[in-house]
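Enquirer: Sequence and predicted structure below; questions after.
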Amino acid sequence: MSALERLPRLAHAALQRLNMALKAPRARRSLAGGAPEAGMPVPFVVYFADVPSSAYQLRQWLLPLEALDADGGPVALLVRNPEVALALQPQTRLAVVFAPEAAGVERFVSSHDVQVVFYVNNSQSNFTTLRINGPVHVHLSHGESEKSSMYSNQLKAYDYAFVAGDASAERILENVIGIDPSHLVRIGRPQLAVPASAGGGRPRPGVRRTVLYAPTWEGDGPSMAYGSLVTHGEQLVTTLLADPRVRLVFRAHAKSGSQSLHYRQALARIRHQLATDQSRAAGHAIDPWDDAVESIARADVVVTDVSAMAMDALGLDKPLVLCLQPGLPAGPLKSHVATWAVRVPGDAAEQLIGLADSPVPPEQAAYRGHVFATDTPVEAVELFVREALKAAERRAGTAA
C-alpha cells in the first residue's frame, strides 16, 4: 500500500480513537440503567469489539438473539465501542452493556455466570475474551459465503462454530486441518428471518425490473479481493442506467473504499451517477435500507460478488448473477448460478431481465438445500435457539 493510500487510514484511525474518548462517558451514563443487576445470571452474551462500520455483523443477529432471550435468556451484548453501543440501544430489547476494557468483560462474565459467549466475526480482539475459561465459546459468523475467511484456521479457537449447512461444514473440513467435525453445528441462516415489508412474486408487465447490485469490499489483502466495484461496477451501472426497462439499486459494502484509493474513487463516481436528476426520476437509487435482507427481498434479481450477499440471495430464492475475480477461488456456487468473469457482458441488461422474468433456475434452487440446513429462516431461528441451549447445557454439565 502506498504512502498516499495509508494517509486516509491513519487519519480515520485517529478520528475513531477521538470519537471513542468523547463518547465513552455518554455511553456509560446512557446504558447504565439497562445493564443486568450484579449477580443476576446472564447465560448468553455476544462479544463485539469492532467499529460502527462493522456493526452490521451484529445487527443481523438481533432477531435470532431476541428469540433466544425469550426462550432461554437473558442475552446481553458486550460492546467495547461506545458509538456502537449507543446505536444498538434503541434497536433491540436485549441488554446492551458497554465494556470498553478487557477487565470489564471478564468481570461481567464471572459475576453473571455467563455460560455461552458468542462471536459474530474473527476480530483479533476476540482472543482477549477467548482466554476466559468456563463459558462455552461459539463462533456465529455474520454471513455465509465462499470467501476464504469462512474457513479460517481461527475457527479452531472456539469450542463450536455454528454454520449454515453441509456446504459450509464441507468447506471448513476440507481447508482447516485438524478441526473436530463434531464442533461444526448446522443451524441454517436465521438472520434471513428478519421481516421484509416487500418482496416475492414476478415483476408486472411494463414495470421496471429492480436490479440490486451489491458489490463486496476490496478486502484487506489479495486473498480477500473479491470486490467487483472496479472490475465490473462502473460498466454495469452505466449500462443499466441507460436501459429504460431496469431500475438499479446500488448497495456497496460498508467497508468499500477503506483500503483502496481506486475503490474510493470508483464508489464516488457511481454515487455521482445515481445522484443526477435523470437517475432519480427513473427510480435508480442508492439502497436506503439498513438491513440487506430487506434489500434482497425487494429486488427482482441480484448481482453481487463471492460474499454473504450471494448466499442470502440464494436463501431468499432470488435470481443471482455472480461477478468473479481472476485467480481467486469462487467455490461451488459458481457452478449453480449465472456468472460474469473479468467484465460485464454486452447483453448484461438482457440477461438480467430474462432472469427477473423467469423462475429461479433449477440448478440454483437445488444448490440452496445443500447450503442451508433448514427449509425456511423461521426454522433456522428455532434451530439456533435449540443449539444455543444445548451449548449452555454442556457448560452446566461440565461445571457440575
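Expert: Happy to help now that I have it. Source: prediction; values computed, not measured.
Enquirer: Please count neighbours and contacts with C-alpha atoms only from this point.
Expert: Noted.
Enquirer: Could you pull out the strands in the stretch 301-400 of the chain for me?
Expert: Ranges of strands within the stretch 301-400 of the chain are 301-305, 320-324, 338-341, based on DSSP state E, counting those that start in this stretch.
Enquirer: which of these is buried the deepest?
Expert: Most buried of these, by mean neighbour count (mean count of other CA atoms under 10 Å): strand 301-305, with a mean of 27.
Enquirer: Which secondary structure elements does it sit against?
Expert: strand 209-214, helix 308-315, strand 320-324, helix 348-356 (3 or more CA pairs under 8 Å, 6 or more residues apart in numbering; DSSP states H and E).
Enquirer: and that strand, what's its mean pLDDT?
Expert: The predicted model assigns strand 301-305 a mean pLDDT of 96.
Enquirer: pLDDT below threshold where in the stretch 251-400 of the chain?
Expert: Along the stretch 251-400 of the chain, the model assigns pLDDT under 70 to residues 398-400.
Enquirer: Can you list the neighbours in contact with stretch 170-189?
Expert: For stretch 170-189, contacts defined as CA atoms under 8 Å, 6 or more residues apart in numbering pick out 144, 150-153, 156, 159-166, 169, 315, 372-374, 377, 380-381, 383-384, 387.
Enquirer: Can you flag the buried ones in those residues?
Expert: 144, 150-151, 156, 159-166, 169, 315, 372-374, 377, 380-381, 383-384 (16 or more other CA atoms under 10 Å).
Enquirer: for the closest residue to T339 other than its chain neighbours, what are its contacts?
Expert: Nearest non-adjacent residue to T339, counting by CA to CA, 6 or more residues apart in numbering: L322, 4.6 Å away. Each residue near L322 by CA under 8 Å, 6+ apart is listed here: 303-306, 310, 334, 337-340.
Enquirer: now those residues as a markdown table including distance to D69?
Expert: Formatted as a markdown table, those follow (distance: CA to CA, whole Å):
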| residue | distance to D69 |
| --- | --- |
| V303 | 35 |
| T304 | 33 |
| D305 | 34 |
| V306 | 33 |
| A310 | 29 |
| K334 | 37 |
| V337 | 37 |
| A338 | 40 |
| T339 | 41 |
| W340 | 43 |
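Enquirer: just checking, V293 touches L314?
Expert: No: V293 lies out of contact with L314 (CA atoms under 8 Å); the separation is 11.4 Å.
Enquirer: Would you agree A27 is in contact with V84?
Expert: No: if you go by CA under 8 Å, A27 and V84 don't touch, sitting 9.4 Å apart.
Enquirer: Using CSV, write down the CA coordinates of stretch 154-169.
Expert: The C-alpha trace of stretch 154-169 is given here as CSV (Å, rounded to 0.1, in the frame of the first residue of the first chain):
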residue,chain,number,x,y,z
GLN,A,154,-9.0,-19.2,13.7
LEU,A,155,-12.1,-21.4,13.9
LYS,A,156,-10.1,-23.9,16.0
ALA,A,157,-10.0,-21.3,18.8
TYR,A,158,-13.8,-21.7,19.5
ASP,A,159,-15.5,-24.6,21.2
TYR,A,160,-18.1,-24.7,18.5
ALA,A,161,-18.8,-23.0,15.2
PHE,A,162,-22.5,-22.6,14.2
VAL,A,163,-22.6,-23.0,10.4
ALA,A,164,-25.3,-22.7,7.8
GLY,A,165,-25.3,-26.3,6.5
ASP,A,166,-23.4,-29.0,4.7
ALA,A,167,-21.7,-26.8,2.2
SER,A,168,-20.1,-24.7,5.0
ALA,A,169,-19.1,-27.7,7.0
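Enquirer: now it: mean pLDDT?
Expert: Here the average pLDDT along stretch 154-169 is 94.
Enquirer: Let me see the ranges of the helices in the stretch 151-300 of the chain.
Expert: 166-175, 234-241, 261-274, 277-281, 292-298 (DSSP state H, counting those that start in this stretch).
Enquirer: tell me the mean pLDDT over the second one?
Expert: With pLDDT averaged residue by residue, helix 234-241 scores 96.
Enquirer: which strands and helices sit next to that helix?
Expert: Packed next to helix 234-241, using 3+ CA pairs under 8 Å, 6+ apart, are strand 246-250, helix 261-274, helix 348-356.
Enquirer: Can you name every helix or strand that the shortest one contacts?
Expert: So the one you mean is strand 246-250. Looks like strand 246-250 contacts strand 209-214, helix 234-241, strand 285-286 (3+ CA pairs under 8 Å, 6+ apart).
Enquirer: Could you identify which of those is most buried?
Expert: Of all the helices and strands packed on strand 246-250, strand 209-214 has the most neighbours on average by mean count of other CA under 10 Å, namely a mean of 25.
Enquirer: List the strands paired with that one, with their directions.
Expert: Next to strand 209-214 in the sheet, as set by DSSP bridges, lie strand 246-250 (parallel), strand 301-305 (parallel).
Enquirer: Restricting to C-alpha, output the last one in PDB.
Expert: What follows is strand 301-305, C-alpha atoms only, in PDB (Å, rounded to 0.1, in the frame of the first residue of the first chain):
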ATOM      1  CA  VAL A 301     -32.600 -10.100  -9.500                       C
ATOM      2  CA  VAL A 302     -29.300  -9.700  -7.500                       C
ATOM      3  CA  VAL A 303     -25.800  -9.000  -8.900                       C
ATOM      4  CA  THR A 304     -23.100  -9.500  -6.400                       C
ATOM      5  CA  ASP A 305     -19.700 -11.000  -5.700                       C
END
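Enquirer: domains in the chain, as residue ranges please.
Expert: 16-189+376-399, 209-371 (automatic domain parsing).
Enquirer: Relative to the whole chain's centre, how far out is the shortest one?
Expert: Just to be clear, that refers to domain 209-371. 15 Å (CA atoms, centre = their mean, to the nearest Å).
Enquirer: do the longest one as well
Expert: A distance of 14 Å separates the centroid of the chain from that of domain 16-189+376-399, by CA atoms, centre = their mean.
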